[in-house]
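K.L.:
make a model of this:
(chains A, B, C and D)
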2 protein chains.
Amino acid sequence: MHEALPAAWPDLLASAELIGDLAVEERAALWTAARRGAAPRGSVLFAAGDEARHLYLIVSGRIKLLRGNSDGQEVIVRLIGSGEVLGGVAVLPRSLYPATAVALDDVDMAIWSRDALAPLLEQYPRLTTAILALVTRRMGEVQSQLQDVATERVARRVARALLRLAGQLGRKEDGGILIDLPLSRQTLAELTGTTLFTVSRLLSGWEAEGLVEVGRERVVIRAPHGLARIAEDLP
Amino acid sequence: MHEALPAAWPDLLASAELIGDLAVEERAALWTAARRGAAPRGSVLFAAGDEARHLYLIVSGRIKLLRGNSDGQEVIVRLIGSGEVLGGVAVLPRSLYPATAVALDDVDMAIWSRDALAPLLEQYPRLTTAILALVTRRMGEVQSQLQDVATERVARRVARALLRLAGQLGRKEDGGILIDLPLSRQTLAELTGTTLFTVSRLLSGWEAEGLVEVGRERVVIRAPHGLARIAEDLP
DNA sequence: CGCTATTTTGAGATGGCTCAAGCTATGTGG
DNA sequence: CCACATAGCTTGAGCCATCTCAAAATAGCG
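P.N.:
Just a heads-up that it's a prediction; the model follows:
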């Protein structure tokens, strides 16, 4: 059942989240236990409430982690790019995924089943600590988002989201930072707790001011400083 | 420097969060490493951004965990009652508290310094797993709150908060469930991302309908089912 | 009994939502 | 290669849930 990892991956991922901090031996053990996986654009890796059986490390492609409420509205908890880990809960026995993961792109990834992981966690306790560090960092991020949605107005939330995304998934382009991901108005709205209409209006305004350049599922930040002025309490 | 724990505590806390799942030996080791602490109403246990040096287990009293933004607005991330653990980040070296902890009551607690904890974590790897489970559960809760604030209207958020608090800190009273904590309109507002005025109006309305009974820093739920009707999509 | 913190209530303003209509890329099948 | 279908986006108009600010009532505390 184990499909070997491409030989190139270990190099690519030596700097990845979670793995980067481990000792050589621990890394090697991880690579041995991993299998390779792929998911086409739009596919669901797992749904909220599913039993958490797998831990994922994204090699290429983007994923959105979201929660939907009873009447169909969705909130994106996090966007995940290459080098990031997904499904940390899976190291705990009998745990459930708290959110749904959907591929925004075609995705390549390394996958560990809980069964493959369990003996490693026994043998290398630092693995558990590394995952705890991961979950803890994310906790801070989610708290931060909660704070934003609860206390800031929409313009500021959207500006912050764009800057955050630029840092996480941004790519330098001629005269700006491209947010390298199919980012629709709807997605941005779900990320910031507003509607696609409001996002559209904001972006149009900012484009007129020369802060950003927008297109279909595409945002380029032209003046990060100007956006930061909206995002924070600056003059 | 170690102030012994009162002899009665180990019994009290055998069922506490985190400790309840451990083996007898592990618990004993924990008790030995703990010291006792107290904090008066209103005091700050730690502030957001402080280096995380201590792990707390609340024995009696309540605590609010909050984050404040630049212009003084605050969001309560979680309310914590007896038997609950606070400051799980402290098991990670060089970590910072992501939120501020303030005592709402006079508080009694068991405290572990990181230094005291470190050797235990080495010796009993299951401790780390237990803390990971803790942080993971909380992650789900915070995500849930984020989802609420981002997608639901205020009435529903407040109703849900009341029901959640009733479950977590509720005490049966004659003809209702008292939320056993000094719960001002302001606190409820910070918990749900709204203003004290809106909370006041909602509670007045619900009192008129016989759903709750309110007083100064006090809420008693008279008709949980009625509140649940507001909190969920029911007839 | 007076001081202070909490709460209530009113009146008015408004940010953001809803809904409707039209527009524009993008891709597709004839 | 064109024309049509589709998904994404923009814009306008109106509304309303919630916030803001002001003032007064209430409750606990020293």
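
K.L.:
quick check: mean pLDDT of the longest helix belonging to chain A?
P.N.:
Criterion DSSP state H: the longest helix present in chain A is helix A:125-151. Averaged across helix A:125-151, pLDDT comes to 96.

K.L.:
what ranges does chain A have for its strands?
P.N.:
Using DSSP state E, the strands of chain A run over A:35-39, A:44-46, A:54-60, A:63-68, A:74-80, A:85-86, A:100-103, A:107-113, A:170-173, A:176-179, A:212-215, A:218-221.

K.L.:
turn the ones you listed into CSV, including mean neighbour count and mean pLDDT.
P.N.:
To be clear about C-beta, it is placed using only N, CA and C from the backbone, and glycine gets the same treatment. Below are the strands of chain A laid out as CSV (neighbours: other CB atoms under 10 Å in any protein chain shown; pLDDT from 0 to 100):
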stretch, mean neighbour count, mean pLDDT
strand A:35-39, 16, 93
strand A:44-46, 18, 95
strand A:54-60, 22, 95
strand A:63-68, 21, 96
strand A:74-80, 23, 97
strand A:85-86, 23, 96
strand A:100-103, 22, 96
strand A:107-113, 21, 95
strand A:170-173, 14, 92
strand A:176-179, 20, 96
strand A:212-215, 16, 96
strand A:218-221, 20, 97
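
K.L.:
quick one: closest of these to DNA strand C.
P.N.:
When those are compared by CB to the nearest atom of the strand, strand A:212-215 sits nearest DNA strand C, at 6.1 Å.

K.L.:
what's the offset of stretch A:99-110 from the middle of its chain?
P.N.:
Offset of stretch A:99-110 from its chain centre (CA atoms, centre = their mean, to the nearest Å): 10 Å.

K.L.:
ok, and does it reach over to chain B?
P.N.:
Yes: using CB under 8 Å from any CB of the partner chain, stretch A:99-110 reaches chain B at A:A99.

K.L.:
can you list the domains in chain A?
P.N.:
Annotated domains of chain A cover A:9-149, A:152-231 [automatic domain parsing].

K.L.:
tabulate these (CSV), appending distance to B:D11.
P.N.:
Converted to CSV, the domains of chain A look like this (distance: least, CB to CB, whole Å):
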stretch, distance to B:D11
domain A:9-149, 28
domain A:152-231, 45
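
K.L.:
columns distance to DNA strand C on top of the ones you listed, output as JSON lines?
P.N.:
Listed next are the domains of chain A as JSON lines, based on distance: least, CB to the nearest atom of the strand, whole Å:
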{"stretch": "domain A:9-149", "distance to DNA strand C": "8"}
{"stretch": "domain A:152-231", "distance to DNA strand C": "3"}
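
K.L.:
just want the angle from the longest helix of chain A to strand A:63-68.
P.N.:
Here the directions of helix A:125-151 and strand A:63-68 differ by 60 degrees (axes from the mean of the first three to the mean of the last three CA atoms, to 10 degrees).

K.L.:
what is helix A:125-151 packed up against?
P.N.:
helix A:24-33, strand A:74-80, helix A:114-123, helix A:154-169, strand B:63-68, strand B:74-80, helix B:125-151 (3 or more CB pairs under 8 Å, 6 or more residues apart in numbering or on different chains; DSSP states H and E).

K.L.:
just so I know, which of those lies nearest DNA strand D?
P.N.:
Here helix B:125-151 is closest among the helices and strands packed on helix A:125-151 (CB to the nearest atom of the strand), at 10.1 Å.

K.L.:
and that closest one with DNA strand D, contact?
P.N.:
No: Helix B:125-151 lies out of reach of DNA strand D by CB under 7 Å from any atom of the strand, never closer than 10.1 Å.

K.L.:
quick check: buried residues in that helix?
P.N.:
For helix B:125-151, a neighbour-count test (16 or more other CB atoms under 10 Å in any protein chain shown) marks B:125, B:127-136, B:138-140, B:142-151 as buried.

K.L.:
quick one: residues contacting the most centrally placed residue in chain A.
P.N.:
For chain A, the residue nearest the mean C-alpha position is A:I80 (1.8 Å; CA atoms, centre = their mean). Residues in contact with A:I80 (CB atoms under 8 Å, 6 or more residues apart in numbering or on different chains) are A:I58, A:R62, A:I63, A:K64, A:L65, A:L86, A:A101.

K.L.:
surely the fifth one touches A:T100?
P.N.:
Read it as A:L65. Yes: A:L65 lies in contact with A:T100 (CB atoms under 8 Å); the separation is 7.2 Å.

K.L.:
name the residues contacting each of the two.
P.N.:
By CB under 8 Å, 6+ apart, no residue touches both A:L65 and A:T100.

K.L.:
from the contacts of A:I80, pick the one nearest A:M109.
P.N.:
Checking the contacts of A:I80 against A:M109 by CB to CB gives A:I58 as the nearest, at 5.1 Å.
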